[in-house]
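Colleague: Sequence and predicted structure below; questions after.
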Amino acid sequence: MAGKKLGGLRLAAYAAPGMPEAMILYCAATVIPGFFTTEVGLSTAFVGMIYLVSRLFDAATDLGIGYLSDRTKSPIGRRKPWLIAGTILSVVAVFYLYHPAETNPGTRYAIATFALYLGWTMAIVPYDAWGAELGSDYATRNRIFTFRAVAYFGGSLLFLVTPLLPGFSGEFDHEILHYSTFLVAGSFILATFIAVVFVPQEDDSLRTATPTLKGMLNTLISNRPLQYYVGLFLLGGVSLGISLALVYIYVNTYLRLEDKFVSILVIYVAANLVAVPFWYWVMRKVEKHKAWAAGWFIQGMAYPPLIFLTPDNPNAFVILASVVFFAGLTYAVTDIVMKSLLSDVIDHDLLKSGENHSASIFAISNLMRKFNVAIGGGFAFMMLSWFNYDPKEEVNSPEAILYGLKFTYLILPAFFSSAGALMLWYFPINRRRHDIILKRLASRAT
């Protein structure tokens with residue numbers, strides 16, 4: 001199969017766009033909204049509305065882009081044209097978004113935000129499907145998405161450490177965004193060029209039928225492994241959504257480590273990157289879904305002991321950093337296996353439907369991630385409100401801190417991640433089952 005022809009250099013070439021992808025995501029989600037309210041002067045209501053509507057638009061385009069990519073026919077395959085077009089649109093959007101207009105900046109912010117999310121979806125949904133189609137056997141998939149995870153974590157780390165470099169302020173200000181324009185745009189163009197030129201197009205040896213809307217609907221209704229994947233992803237994703245929503249409040253307003261927040265993020269991502277080779281080794285010894293289940297469970301159990309940590313502890317930063325580093329080590333397996341395992345689900349669908357819905361199924365996964373973050377974040381803030389925890393207050397009641405913040409941020413995600421890990425442990429496609437699927441696909445193609 002195609003994956004067996006890919007050496008380390010070609011796998012690195014495929015993974016290259018993952019670096020600018022991570023930089024764009026971190027900036028768009030964590031920096032840009034706050035920057036336009038504090039530095040540019042847009043109202044929080046306007047920025048919040050654009051953020052919400054653009055994310056809904058982003059979610060709505062996932063399935064459409066996936067379906068169109070699955071049906072695309074071109075001399076360079078189904079995936080490369082979309083990666084090229086998405087890169088171009090993303091680069092243009094980055095330039096305008098990172099350089100706020102002096103007059104009517106709100107209009108530029110709105111248009112550039114919508115364009116950035118559309119360009120990112122056009123590039124990344126087909127790009128993920130391309131990775132699934134570069135190799136089909138169990139071990140090759142793990143190798144492909146291990147390279148992909150290294151690139152993603154490397155891009156995340158590069159973006160986070162940029163303000164900490166000599167000559168910069170240590171914060172994400174105008175100067176950092178100006179520099180990031182060229183860093184992100186240049187790396188995205190270069191990485192896409194490398195991937196398109198040096199990586200073969202997807203493997204079409206199975207001669208699948210052209211995907212149809214009816215076939216995709218049947219997949220959603222009848223594909224049990226996909227439904228199982230969505231269910232466990234919902235549990236683990238809500239846990240992640242809660243954590244993402246409250247990490248800033250916990251670190252900055254409760255522990256009062258405002259000057260250490262970026263350092264905490266850097267420690268977490270650095271741990272992700274360091275742990276990737278270890279998890280790749282683990283997946284050579286055990287089933288990938290069981291490795292993911294173990295990582296998910298251990299990560300969930302890492303945070304509850306912090307319930308005893310208080311702001312007056314002189315070692316608060318060291319203790320928090322140690323826990324965050326450990327949690328980062330355990331999370332690294334997720335970014336490898338979630339795409340590798342979903343690729344196996346796609347093979348099952350290919351066998352049952354006779355149609356290649358790779359990009360559409362990856363689009364469903366992306367849609368679920370966005371939905372989970374929204375649901376988890378909304379639920380987290382509802383819990384804070386329910387227990388009367390107010391981040392703006394200097395002093396909150398012990399009950400509000402214990403049940404509102406600590407239970408919601410430190411304890412509750414462990415329940416969701418544990419439930420997701422339990423489902424993962426019994427995932428219906430293992431190595432043996434996948435080998436049977438591949439043999440049946442191969443026999444049908446001859």
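Modeller: Alright, I've got the coordinates. Numbering: from 1, shown residues only.
Colleague: Would you check how far apart Ser360 and Arg78 are?
Modeller: 12 Å (CB to CB, to the nearest Å). No exception for glycine: its C-beta is placed from N, CA and C like everyone else's.
Colleague: which of those two has more neighbours?
Modeller: Neighbours around Ser360 and Arg78, counted as other CB atoms under 10 Å, are more numerous at Ser360. The numbers are 29 against 24.
Colleague: Settle this for me: that one is touching Ile65, isn't it.
Modeller: No: here Ser360 does not reach Ile65: they are 9.1 Å apart, not a contact under CB atoms under 8 Å.
Colleague: quick one on the thing from earlier: okay, and the common contacts of Ser360 and Arg78?
Modeller: Asp70 (CB atoms under 8 Å, 6 or more residues apart in numbering).
Colleague: isn't Ala256 right next to Pro311, touching?
Modeller: In this structure residue 256 is Arg, not Ala. Yes: taking CB under 8 Å as the definition, Arg256 is a contact partner of Pro311 at 5.2 Å.
Colleague: Which neighbours do these two have in common?
Modeller: In contact with both Arg256 and Pro311: no residue, using CB under 8 Å, 6+ apart.
Colleague: buried residues in the helix or strand hosting Asn372?
Modeller: Asn372 belongs to helix 358-386 when assigned by DSSP states H and E. Using 16 or more other CB atoms under 10 Å as the burial criterion, the residues of helix 358-386 that qualify are 358-374, 376-377, 380-381, 383-384.
Colleague: Same check on stretch 99-109?
Modeller: Residues Pro100, Gly106, Arg108, Tyr109 are the ones in stretch 99-109 that count as buried (16+ other CB under 10 Å).
Colleague: Then stretch 38-49?
Modeller: Those would be Val40, Leu42, Val47, for stretch 38-49 by 16+ other CB under 10 Å.
Colleague: how about these in a markdown table, adding distance to Leu410, pLDDT and secondary structure?
Modeller: Formatted as a markdown table, the buried residues of stretch 38-49 follow (distance: CB to CB, whole Å; pLDDT from 0 to 100; DSSP: H, G, I helix; E, B strand; the rest coil):
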| residue | distance to Leu410 | pLDDT | secondary structure |
| --- | --- | --- | --- |
| Val40 | 35 | 79 | coil |
| Leu42 | 33 | 80 | coil |
| Val47 | 29 | 80 | helix |
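Colleague: so where is the protein shaky, pLDDT-wise?
Modeller: The chain contains residues with pLDDT under 70 at 1-5, 29-30, 34, 169-173, 204-209, 445-446.
Colleague: domain assignment for it?
Modeller: Split into domains by automatic domain parsing, the chain comes to 9-199, 209-446.
Colleague: ranges for the helices of the stretch 101-250 of the chain?
Modeller: For the stretch 101-250 of the chain, helices defined by DSSP state H, counting those that start in this stretch occupy the ranges 105-134, 138-161, 174-198, 213-222, 224-248.
Colleague: okay, those in JSON lines with distance to Phe168 next?
Modeller: Output for the helices of the stretch 101-250 of the chain, formatted as JSON lines (distance: least, CB to CB, whole Å):
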{"stretch": "helix 105-134", "distance to Phe168": "23"}
{"stretch": "helix 138-161", "distance to Phe168": "10"}
{"stretch": "helix 174-198", "distance to Phe168": "6"}
{"stretch": "helix 213-222", "distance to Phe168": "47"}
{"stretch": "helix 224-248", "distance to Phe168": "21"}
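Colleague: Tell me which of these lies nearest to Val31.
Modeller: The closest of the helices of the stretch 101-250 of the chain to Val31 is helix 174-198. By CB to CB, the value is 7.8 Å.
Colleague: and that closest one, what does it pack onto?
Modeller: Applying 3 or more CB pairs under 8 Å, 6 or more residues apart in numbering; DSSP states H and E, one finds that helix 174-198 contacts helix 8-15, helix 18-26, helix 80-98, helix 138-161.
Colleague: could you redo the last one with a cut-off of 6 Å?
Modeller: Under the contact criterion of 3 or more CB pairs under 6 Å, 6 or more residues apart in numbering; DSSP states H and E, helix 174-198 touches helix 8-15, helix 18-26, helix 80-98.
Colleague: which residues does Glu258 contact?
Modeller: Listed by CB atoms under 6 Å, 6 or more residues apart in numbering, the contact set of Glu258 reads Asn252.
Colleague: again, only using 8 Å
Modeller: Val251, Asn252.
Colleague: where's it relative to Ala191, distance?
Modeller: 34 Å.
Colleague: in the top helix by length along the chain, what's buried?
Modeller: Secondary structure of the chain per DSSP state H: the longest helix is helix 316-353. In terms of neighbour count (16+ other CB under 10 Å), helix 316-353 has its buried residues at 316-317, 320-321, 323-350, 353.
Colleague: How about stretch 247-256?
Modeller: For stretch 247-256, by 16+ other CB under 10 Å, it's Val247, Tyr248, Ile249, Tyr250, Val251, Asn252, Thr253, Tyr254, Leu255.
Colleague: Could you give the separation of it from the chain centroid?
Modeller: Centroid separation between stretch 247-256 and its chain, computed with CA atoms, centre = their mean, to the nearest Å, is 23 Å.
Colleague: same question, stretch 319-332
Modeller: That offset, for stretch 319-332, works out to 18 Å (CA atoms, centre = their mean).
Colleague: returning to what we had before: how about the buried residues of stretch 99-109, which pair is most distant?
Modeller: Spanning the widest gap among those are Pro100 and Gly106, at 9.5 Å by CB to CB.
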